[in-house]
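Engineer: sequence below, structure please.
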Amino acid sequence: MPRTARLLWVAILTVVVTGCVATPEYRDTLSALQTSAVKPGPLASQTVRVVLSENTNLAFAHIHEARGLRMGMATEGMDPRRVLDGVTDELRKRFKAVAVGPANPGERRTDLTMILDAKIVVGSISFQTNRVELTGIFRDEAEEVLDAVTGKGESMVPYPNMFSTFGKALDAAHVEFAKALDAAKLPTVVASRIAARPALASATRSSRTPGDALARLRAGTSWALVIGINRYDRAPHLNYAVNDAKSVAAALPKLGFSGVKTLYDDEATKAEIERAIYGELKAKMKPDDRLFVFFAGHGISVTLPRGGEEGYLLPVDGDPDRPELSAIPMDEVKKMGRRVNARHIFVAIDSCFSGFAITRSAGDGPPSDADLAAALEEPVVQVMTAGRKGQQAAEEGGHGLFTRRLLEGLGGLADRDGRGFVTVTQLAAWLGPRVTRDSEGRQSPQYSALDGEGDFVFLLK
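Structural biologist: As a prediction, the model looks like this:
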């Protein structure tokens, strides 16, 4: 049989085996949202919420359909979660906070909203083209469009199409999206908006002094809940979680913590953890107080039906197969700031997982006096975890590497300017690179300000 005829028969058989995937009819979302030009502000100070357009939901369904029709053949890169994760990863490098999905009832609005509009074509047969177009449409609280950035990528379905090249098109689109974001007018627009705010706000802020704020901080009470779980009922046992927790609990009185509650192994049930926070500690806390929660144990991530993930802390009686019913969702950490009286809340978690709105990059330099004074007066809920989903928590000298560096930072090493205190933002900037380096890149701590504009402060002297 001639070579041309053989190729034709292979193409026909490929269509029969894999099926043809119909391309959805996409709408021009950007033109529907186009409004008059608006004004700017620096992205590093902004929070952004990502919501999916109707086109994006169609595109995700299109990818699922294409995966299903490949019937056991390789589907590398054909995962809607990769589409969303690649975009949010780029946003998290540039914004103070990134949330995904609609806001919960009563949840504070973000500064900006980005509509993710994805138009995707997955090639069905050899020599067809995979196409990915990712558009981010940025709007302010008044729902005016500030800017739109787009990244595109293409790849050809190979012959024979026994494996997928869709991931190449997606990766190219993510790279272009990042470049477009850096070249966009959005930072200029947001910067001008911040500059246009009333001068009263900056005057009030500059009148604050860190001495007054630190005195107010010392007048409040520092509370702590320290949890360590080695011997789980339904999950694999751990080696050093309880030892980590006990070391942290022993260090806290030297940092001015007078009320330290500990829960180890069998004590750390979901009911007991919630009772400790919302019963015992909540009853004692006052508006100028602080709450530090340390958790050493399993953290897990659950993939949501419509994309994205949700993170959970697993108590000793938690079921990793049914975390929605038996574990503590990371959303609960954010809600804690609204339920207890403490002004500043910081949660440190020695486990690796994803599925919460990781946010701002931690600034490396010491805060100015005005910034420190403002941060001490503003409320905040901050969280730091040992690593991302799928990473193995490293150990060193009988401790988790994350906890060991946390203790060293609080022992004074993170106070590089010798001021006698360290903010959580400083601590995260000091700790993160060291854990990543010392684990040889196998563990990358996450830092997030889930709510508020303040900063938790540890008094070292």
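Engineer: what is the burial count for N55?
Structural biologist: Using other CB atoms under 10 Å, N55 has 22 other residues around it. Heads up, the C-betas are built off the backbone N, CA and C, glycines and all.
Engineer: same check on the one 4 residues further on?
Structural biologist: In terms of burial, A59 registers 27 neighbours under the definition other CB under 10 Å.
Engineer: show me where pLDDT drops low in the stretch 301-450 of the chain?
Structural biologist: 353-368, 395-397 (pLDDT under 70).
Engineer: now the helices for it?
Structural biologist: With DSSP state H, counting those that start in this stretch as the criterion, the stretch 301-450 of the chain has helices at 323-326, 330-339, 369-377, 401-408, 424-438.
Engineer: next, the buried residues of stretch 322-340.
Structural biologist: Buried positions in stretch 322-340, judged by neighbour count with 16 or more other CB atoms under 10 Å: 323, 326-331, 333-337, 340.
Engineer: wasn't D117 part of a helix?
Structural biologist: No - assigned with DSSP: H, G, I helix; E, B strand; the rest coil, D117 falls outside any helix and is strand.
Engineer: and it, bridged to which residues?
Structural biologist: According to DSSP bridges, the partner residues bridging D117 are T135.
Engineer: per-residue pLDDT, it?
Structural biologist: On pLDDT, D117 comes in at 95.
Engineer: show the contacting residues for the closest residue to D415 other than its chain neighbours.
Structural biologist: Distance criterion CB to CB, 6 or more residues apart in numbering; nearest residue to D415, sequence neighbours excluded, is V422 at 4.7 Å. Neighbouring residues of V422 by CB atoms under 8 Å, 6 or more residues apart in numbering: 409-410, 414-415, 430, 457-458, 460.
Engineer: in JSON lines, list the buried residues of stretch 322-340 along with distance to A245.
Structural biologist: Converted to JSON lines, the buried residues of stretch 322-340 look like this (distance: CB to CB, whole Å):
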{"residue": "P323", "distance to A245": "21"}
{"residue": "S326", "distance to A245": "21"}
{"residue": "A327", "distance to A245": "18"}
{"residue": "I328", "distance to A245": "16"}
{"residue": "P329", "distance to A245": "21"}
{"residue": "M330", "distance to A245": "19"}
{"residue": "D331", "distance to A245": "23"}
{"residue": "V333", "distance to A245": "17"}
{"residue": "K334", "distance to A245": "23"}
{"residue": "K335", "distance to A245": "23"}
{"residue": "M336", "distance to A245": "19"}
{"residue": "G337", "distance to A245": "23"}
{"residue": "V340", "distance to A245": "21"}
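Engineer: can you give the domain ranges for this protein?
Structural biologist: Segmentation of the chain into domains, based on automatic domain parsing, reads 34-189, 208-459.
Engineer: and A268, backbone torsions?
Structural biologist: Torsion angles at A268 (phi, psi; degrees, to the nearest 10) stand at phi -90, psi 60.
Engineer: would you agree L217 is in contact with D289?
Structural biologist: No - at 9.7 Å, L217 does not count as touching D289 under the criterion of CB atoms under 8 Å.
Engineer: between these two, what contacts are shared?
Structural biologist: The contact sets of L217 and D289 do not overlap (CB under 8 Å, 6+ apart).
Engineer: picking that back up, which one of the contacts of V422 has the most neighbours?
Structural biologist: Neighbour tally across the contacts of V422 (other CB under 10 Å): the maximum, 25 neighbours, falls on V457.
Engineer: for that one, give me its contacts.
Structural biologist: V457 makes contacts with 214, 217, 290, 344, 375-376, 421-424, as judged by CB under 8 Å, 6+ apart.
Engineer: now those residues in CSV, with distance to V48?
Structural biologist: Formatted as CSV, the contacts of V457 follow (distance: CB to CB, whole Å):
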residue, distance to V48
L214, 32
L217, 30
R290, 28
H344, 24
A375, 21
L376, 26
F421, 30
V422, 28
T423, 23
V424, 21
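Engineer: from those, which is closest to R404?
Structural biologist: V422 (16.5 Å; CB to CB).
Engineer: quick check: beta-bridge partners of the closest one?
Structural biologist: As for beta bridges, V422 partners with F458 under DSSP bridges.
Engineer: before we move on, back to that, which one of the helices of the stretch 301-450 of the chain lies nearest to K152?
Structural biologist: Of those, nearest to K152 by CB to CB is helix 424-438, at 31.8 Å.
Engineer: between helix 369-377 and the closest one, find me the angle.
Structural biologist: Relative orientation of helix 424-438 and helix 369-377, computed by axes from the mean of the first three to the mean of the last three CA atoms, to 10 degrees: 100 degrees.
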